[in-house]
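K.L.:
Build me a model:
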Amino acid sequence: MILHEYKIFNAEVLFRDDCTADELIDVISGNRVYLPCLYVYNKIDQIPMEEVDRIARQPFSVVVSCNMELNLDYMLEKMWEYLSLIRVYTKKPGQPPDFDDCLILRRGCSVEHVCHTIHRTLAAVFKYAIVWGTSTKYSPQRVGISHIMNDEDVIQVIKK
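P.N.:
Okay, the predicted model is just below:
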């Protein structure tokens, strides 16, 4: 009946997941986008431990207490994970890396994205980069503009 309401009469519909009627309508109409979320429950110091344990075991849930400062570091870690963000530190030639100031980028970004974040014309005059961190086989390693960066990598950009 749902397909008839949307004037779809001769169709084979294949479900590869357990879907509700609302989810089928959302797919047919194509105007809804489901985004991942993180449920943060505050004031866990005011409810019994059994209830806190039950809530904490639910998927995409974090329990915190801002008053007693419980679990705030874990919430921050989960937010970074769900947002797919990484930190990239910059280094000037002849100086140590600046670990106080970092570039916040999406996971899977390349050296080209880092160059555009620093300055919009830097990618045009890019020669190579030296990267320290987990994204390289050797530390430091000379990389090209298409190299994919990891969290907490340090980069030094060399211009032409």
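K.L.:
Am I right that residue 128 sits in a helix?
P.N.:
No. In this structure, residue 128 is strand, not part of a helix, as judged by DSSP: H, G, I helix; E, B strand; the rest coil.
K.L.:
That one reaches residue 144, doesn't it?
P.N.:
Yes. Using C-beta atoms under 8 Å, residue 128 is in contact with residue 144, at 6.5 Å. Bear in mind the C-beta positions are built from the backbone N, C-alpha and C, glycine included.
K.L.:
out of those two, which sits in the busier spot?
P.N.:
Between residue 128 and residue 144, counting by other C-beta atoms under 10 Å, residue 128 is the more crowded of the two (16 against 12).
K.L.:
Look up how far residue 93 lies from the more buried one.
P.N.:
Plainly put, residue 128 is 13 Å away from residue 93 if you go by C-beta to C-beta, to the nearest Å.
K.L.:
Residue 6 now?
P.N.:
According to C-beta to C-beta, residue 6 and residue 93 sit 61 Å apart.
K.L.:
The two: who's more crowded?
P.N.:
A direct count of neighbours by other C-beta under 10 Å for residue 6 and residue 93 places residue 6 higher, at 12 against 8.
K.L.:
Residue 66 contacts residue 42, correct?
P.N.:
Yes. If you go by C-beta under 8 Å, residue 66 and residue 42 touch, sitting 5.9 Å apart.
K.L.:
In contact with the residue nearest the centre of the chain: list those residues for me.
P.N.:
Nearest to the geometric centre of the chain sits residue 84, at 0.9 Å (C-alpha atoms, centre = their mean). Residue 84 makes contact with 106-108, according to C-beta atoms under 8 Å, 6 or more residues apart in numbering.
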